[in-house]
Each structure stands twice: as C-alpha cells, then as structure tokens.
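>>> The sequence isn't on hand, but the structure is:
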Ligand code: NI
C-alpha cells in the first residue's frame, strides 16, 4: 500500500500506448492497490496505470458510491451509445478543466483482479470515467478532445 507519484501533463509517458497485462501476479496486485490509494489520496474518480508511469492496460475507477472501486484490467469498450457534454478534469492536469463530449453510455469488457472476465455497463459519470481512463491506455488525453474555448485554468493554491 503506497501512494505513487502522478505524472503530469508534459510527461511523454502519458502519450505512449500501454501493453496488455498477461499474468495477474503480485506485482499487478500491488500496482492496483497503489493506484486505488493514489486515486483516493487525490480525490480522483479514476486513474490509469500510465499516470503512475506504468505502461500496462490497468484502470481504476471510484465514484464514491456503494459500488466501487472498479478495477479494469485489459479493458475493451465494446459498445458506446449517445453523447453527453460534461465538465472534465484529470489528475495529470491538476489545474485544467474543460467541457468535452463523451458517450452517454459505455459497455466495457475487462478482467478483474480475480482473473475473471466481466462486462460493466456505465451511464453518465461512470461512462465518462470509463471513456476517459481507457483513452489514457492509448495515449489519448482529455485535452485532445475539449470543446474549443471551454478550457479553464485554475490558479494553484
Ligand atoms: Ni485522466
């Protein structure tokens, strides 16, 4: 259990393609635990492995309801439906927020920490988080998709 350093916007690791996880070993389990701790420490709703410098297809999401945290290993979006305009940020861009279009509904197939495949269907904020985090695994960042003119830069405290 440890909090890892979150890579910030200019770090080129955020632009790299992540590799699938082949074996869920102790190293992956430790990575997942640390990612959950790091996400909670920063009050984030999601975190992808490249944000802590690991180029593996691992995502954690927590909406702080009674269902999370979700652990998605090798997630694959199998269906998207509709559109929603949302306010978005990212732990790698701590002072930037913008409006963006995300799918309203996302169905993702992934492997859990137990090695079993499952399907998760998310609407609203969960769909947004899945879409945002899976983008990270492909080197895509929310700043690539913002609606022009909606970026807000919040001064650091
Ligand atoms: Ni992000």
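Sure thing, it's come through. Given the structure is predicted, the values throughout are model-derived calculations rather than measurements.
>>> Check whether residue 90 really touches residue 132, as I assumed.
Yes. Between residue 90 and residue 132 there is a contact under CB atoms under 8 Å: 7.1 Å. Where you see a C-beta, it was placed from the backbone N, CA and C, and this is true even at glycine.
>>> Now the common contact residues for these two.
residue 142 (CB atoms under 8 Å, 6 or more residues apart in numbering).
>>> longest strand of this structure?
strand 70-81 (DSSP state E).
>>> Note down every partner strand of the next helix or strand after that strand and its orientation.
Scanning forward in sequence from strand 70-81 by DSSP states H and E, the next helix or strand is strand 84-90. With DSSP bridges as the test, strand 84-90 is paired with strand 93-102 (antiparallel).
>>> what inclination does the strand it pairs with have with respect to strand 70-81?
30 degrees (axes from the mean of the first three to the mean of the last three CA atoms, to 10 degrees).
>>> mind checking how far the residue positioned nearest the centre of the chain is from residue 54?
The centre of the chain sits closest to residue 133, judged by CA atoms, centre = their mean, with a distance of 2.5 Å. Distance from residue 133 to residue 54, counting by CB to CB, to the nearest Å: 14 Å.
>>> Nothing else from me, thank you.
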